[in-house]
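got a sequence here, can you build the structure:
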Amino acid sequence: MSSTADQALDQDIATRFGLPTVGSAQSDFFDPFVMDSAMFMPRTLETFWDYAHHLFYMNNNFRHAWHRLSAYFATGIDFKGDRHGDNDAQKDIKSILLDNTNIMGEIVLGGMEIGCYGNCIFTWGFPFDRVLVDNRNGYAEHSLNALKDLGNVRYHFKEMVYEVVDPKDAHLASGKRKTIKLGFRDRPSRDVKRFRIERLDLREMHLLTSASEFSTQYIRRFSPEFLRKVRDGDPWFVHDVPMDQLLAISKNEDFLYNEDSVLHIKMPTIRGLKNFGWGIPETFANYRSLHHLQVLRRIDEAVGKDYLLPFRMFVPNTNGPVESDTSRGEYAGYMSQVIADHRKNPYAMHAIPFPSTLIEAGGSGKSLVQADSIEFHTNSLLGASGLPAELYNGTMNIQNMPVSLRLFESTWQFLYHGFNKLVAKTADHIQDIKKVSRLECQLTKSSLATDLEERGIYLSLVASGEISRSRGYGSINIEDPFEEKKKRMREDADLAREDQEMQKQMQQEMTAGSIGANAGQPGSSPTSGYGNPPGGGQNITPMDQAQDATQRAQTLLGLDTGSRMKELAKLKATDPNGVYPLVKQKMEELRAQGASQGRASVGQQQQ
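Next comes the predicted model:
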């Protein structure tokens, strides 16, 4: 905007609210409520939705916060009241709601539209089968899909007829078949898999509210793109458009929805604002914060481009021989070639016939980065929108979480109320299509805050004996505490038996040792100290085995080195896991004992 336009807008705002302006007698300062962000506010409803969409997708934190807010209410389906039905009926309805209509996904997307536009209008698409009516000889009906196989099909929107191949000429060759124009009718279908939830484009909707604003008429003015496709007569597109909407298009009229066929969820507004039945989006309620954040991001982008990367420049040394214009041109040519060669090969070495100096400018952008300021204003924006930054970032203290969640749920209670209506009405439509009795369905209300707050209290009361175990343990999904106690006792008993078995096995291994594996082998000698005597008898005790190994070690230490090695080799070959390791151990002990005694005797002689 030009300065003249800015002044005119400021004067208009100031005049409307009775505020002083620059140069007026009341004040020499500009009013603080008139800010730059006011220059970019949309002036018409036609541009309002587009600008709200632009703001919503320009701020990723704000958009993802609304995504998480919407997903918080996408919990589950409950059946309550007198008409709750049996388990099979509940599973059938729940399967259709969750799988076929994807109602949880529609809740999340609807919540995001409310965050973006402040409004979301739901309607329902009921399944139908379109048949062509032939009244030439009585009354006959033809399937539109079957006639498509005979030749081209075209829809004429003004007459509301299909131009198709005459069914009487189906036996003729394709070139000899004539075409006729047939009217049609839509026959309701019980194929519930084709039932769908639709979200209407707010740009096509116009609202007429009563004087009390308790009733609203919803009028759809079809977009030019939609009208063009219908008027082009493409049967693939027209086939899914209900007959009542095609009738309105044929008459060049708008389409009025029945009040019960739409569900409008909108941001609540206080009285005094002429919003004509629309909700005010949070993107405009927090417009100045979004505008300020975008200004900071723009500054951050400018800093990144101009200040983070230093500007480097080679200049000739003023004390050097570069004096004339010719020399300066040669210098510039040399340096340009050096820079080009260096970019091709960073490891090359260069030489120039001029003294040169490198000058760096900028590079101080790190101190100008707006990261902290952006984070602060983002958290302020989330807080002003009723979305706690700690909850969004997942940094909320567990002690404060129950209270914070309770306040959070109370703030957005209207969202649960609206989504609950969507679940109930959708379930009713599905059951009407199936022609079964209606079950009372509702959206599961989040109990996270209550569970976090009550769980610790219940467990404390159980520990003090004030309430039953079944009541306290039920808060942590333990249905039968007695059975859980029995399972724990059986586990403890099994562990105790396993522990005893392991200790018994360990004791046996310590008593018999690895030597016991060779007991009773043929040819074992009683003089070897292992096994049983040939004619039977008592087993050799571990003490006897140790004494025998000591005697063998003393004998071997008395031999020369060659004889000792031969005897050890024989012993290892005959009993590598029994006698041999014990004899080696005793030999080491005797050597260490002899060395210790020798050092002690030497010390006494020196004294």
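
so where does residue 183 fall, helix or strand?
Remark: residue 183 resides in strand 179-188, with elements defined by DSSP states H and E.

just the pLDDT for residue 224.
If you check residue 224, the pLDDT there is 92.

helix or strand right after the strand holding residue 183?
Using DSSP H and E, the helix or strand that follows strand 179-188 in sequence is strand 196-199.

now do that next one: distance to the chain's middle.
24 Å (CA atoms, centre = their mean, to the nearest Å).

how about the nearest residue to residue 217, chain neighbours excluded?
residue 208 (4.2 Å; CB to CB, 6 or more residues apart in numbering). For glycine as for every other residue, the C-beta is placed from the backbone atoms N, C-alpha and C.

find the centremost residue of this protein, please.
Nearest to the mean C-alpha position of the chain, by CA atoms, centre = their mean, lies residue 68 at 8.6 Å.

any chance you could map the strands in the stretch 401-550 of the chain?
Shown for the stretch 401-550 of the chain, the strands assigned by DSSP state E, counting those that start in this stretch span residues 441-443.

any weak-confidence spans in it?
The stretch 401-550 of the chain contains residues with pLDDT under 70 at 401-404, 447-456, 458, 471, 474-477, 512-541.

residue boundaries of the helices in it?
Per DSSP state H, counting those that start in this stretch, the stretch 401-550 of the chain carries helices over the ranges 401-411, 413-434, 448-463, 469-473, 481-512, 542-557.

what about stretch 280-294, start to end distance?
This stretch, stretch 280-294, spans 21 Å end to end (CA to CA, to the nearest Å).

buried ones in it, by neighbour count?
280-284, 286-287, 289-293 (16 or more other CB atoms under 10 Å).

repeat for stretch 170-181
So for stretch 170-181, counting by 16+ other CB under 10 Å, buried means 177, 179-180.

and these as CSV, adding distance to residue 470?
Below are these laid out as CSV (distance: CB to CB, whole Å):
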residue, distance to residue 470
177, 77
179, 75
180, 74
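
can you tell me which of those residues is nearest residue 554?
Nearest to residue 554, judged by CB to CB, of the buried residues of stretch 170-181 is residue 177 at 119.6 Å.

give me the nearest residue to that closest one, chain neighbours excluded.
Spatial nearest neighbour of residue 177, chain neighbours left out: residue 169 (4.2 Å); criterion: CB to CB, 6+ apart.

residue 176 is in contact with that neighbour, correct?
Yes - contact criterion CB atoms under 8 Å: residue 169 and residue 176 qualify, at 7.0 Å.

list the contacts of the residue nearest to residue 177.
Listed by CB atoms under 8 Å, 6 or more residues apart in numbering, the contact set of residue 169 reads 176-178.

go on, residue 142?
131-132, 134, 164, 167, 182.

distance of it relative to residue 241?
Distance of residue 142 to residue 241, given as CB to CB, to the nearest Å: 19 Å.

repeat that for residue 563.
110 Å.

how many residues are close by the closest residue to residue 435 other than its chain neighbours?
Computed as CB to CB, 6+ apart, the closest residue to residue 435 that is not its neighbour in sequence is residue 190, at 7.2 Å. Number of residues near residue 190 (other CB atoms under 10 Å) recorded here: 10.

now swap in residue 93 and tell me
Neighbours of residue 93 (other CB under 10 Å): 23.

in a helix, that's where it is, yeah?
Yes - judged by DSSP: H, G, I helix; E, B strand; the rest coil, residue 93 forms part of a helix.

and it, what is it in contact with?
Counting by CB under 8 Å, 6+ apart, residue 93 has contacts 77, 79, 85, 427, 430-431, 439, 441.

where do the strands of the stretch 151-300 of the chain begin and end?
Under DSSP E, counting those that start in this stretch, the stretch 151-300 of the chain gives strands at 154-156, 161-165, 179-188, 196-199, 205-209, 216-220, 255-256, 262-266.

circling back to that earlier point, export the buried residues of stretch 170-181 to CSV and tack on pLDDT and distance to residue 217?
Shown next, in CSV, are the buried residues of stretch 170-181 (pLDDT from 0 to 100; distance: CB to CB, whole Å):
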residue, pLDDT, distance to residue 217
177, 86, 47
179, 89, 41
180, 91, 39
